[in-house]
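>>> What shape does this take:
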Amino acid sequence: MAVMVLLEIQAKEGTGDELLATFTETLPDTRSRDGFLDLVVHQNQEDKDDIVFVEKWETKDAHLSYIAWRQETGGFDDLAAALSTPPRLRYYDITDV
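All right, here's what the predicted structure looks like:
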């Protein structure tokens, strides 16, 4: 069953737009990973440093494999260095309701 992944990040103060620009370069790799289905990035209108990713993956394991790959390549460390707080990651079952 597909899973929705919610990733909430808080960029360092005043750097939200700059961080979004880096995703233009890195997200094509995300979209090409096995198990990837969809990804939409949202930026808070009132706090440009508040960014939310709403992702859809075939399985939680597919996403965890992707996260492990990002950690191996250093991409996760690069992201963490750009944030003011640790990222918040949650997994949701997609229901038929």
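>>> ok, and for the helix or strand of the chain with the lowest mean pLDDT, which residues are buried?
Lowest on mean pLDDT, DSSP states H and E among the helices and strands of the chain sits helix 75-81, with a mean of 87. Neighbour-count burial for helix 75-81, counted by 16 or more other C-beta atoms under 10 Å, picks out Leu79. From N, CA and C alone the C-beta is placed, and that goes for glycine too.
>>> all numbers from here: first residue = 2
Done: numbering now begins at 2, and the last item shifts to helix 76-82.
>>> just checking, what packs against it?
Helices and strands touching helix 76-82, by 3 or more C-beta pairs under 8 Å, 6 or more residues apart in numbering; DSSP states H and E, are helix 61-74.
>>> what angle separates the following helix or strand past the least confident helix or strand of the chain from helix 61-74?
Downstream of helix 76-82, the next assigned helix or strand under DSSP states H and E is strand 89-94. Per axes from the mean of the first three to the mean of the last three C-alpha atoms, to 10 degrees, the angle that strand 89-94 makes with helix 61-74 is 160 degrees.
>>> Sheet partners, orientation included, of strand 89-94?
strand 4-11 (antiparallel) (DSSP bridges).
>>> Need the CA coordinates for the partner strand. PDB is fine.
C-alpha atoms of strand 4-11 as PDB (Å, rounded to 0.1, in the frame of the first residue of the first chain):
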ATOM      1  CA  VAL A   4       2.400   5.700   2.000                       C
ATOM      2  CA  MET A   5       2.300   9.500   2.400                       C
ATOM      3  CA  VAL A   6       5.500  11.000   3.900                       C
ATOM      4  CA  LEU A   7       5.400  14.400   5.600                       C
ATOM      5  CA  LEU A   8       8.700  16.100   6.000                       C
ATOM      6  CA  GLU A   9       8.700  19.500   7.800                       C
ATOM      7  CA  ILE A  10      11.800  21.600   7.900                       C
ATOM      8  CA  GLN A  11      12.800  25.000   9.200                       C
END
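>>> Can you mark which positions in that strand are buried?
Judged by neighbour count (16+ other C-beta under 10 Å), strand 4-11 contains these buried residues: Val4, Met5, Val6, Leu8, Ile10, Gln11.
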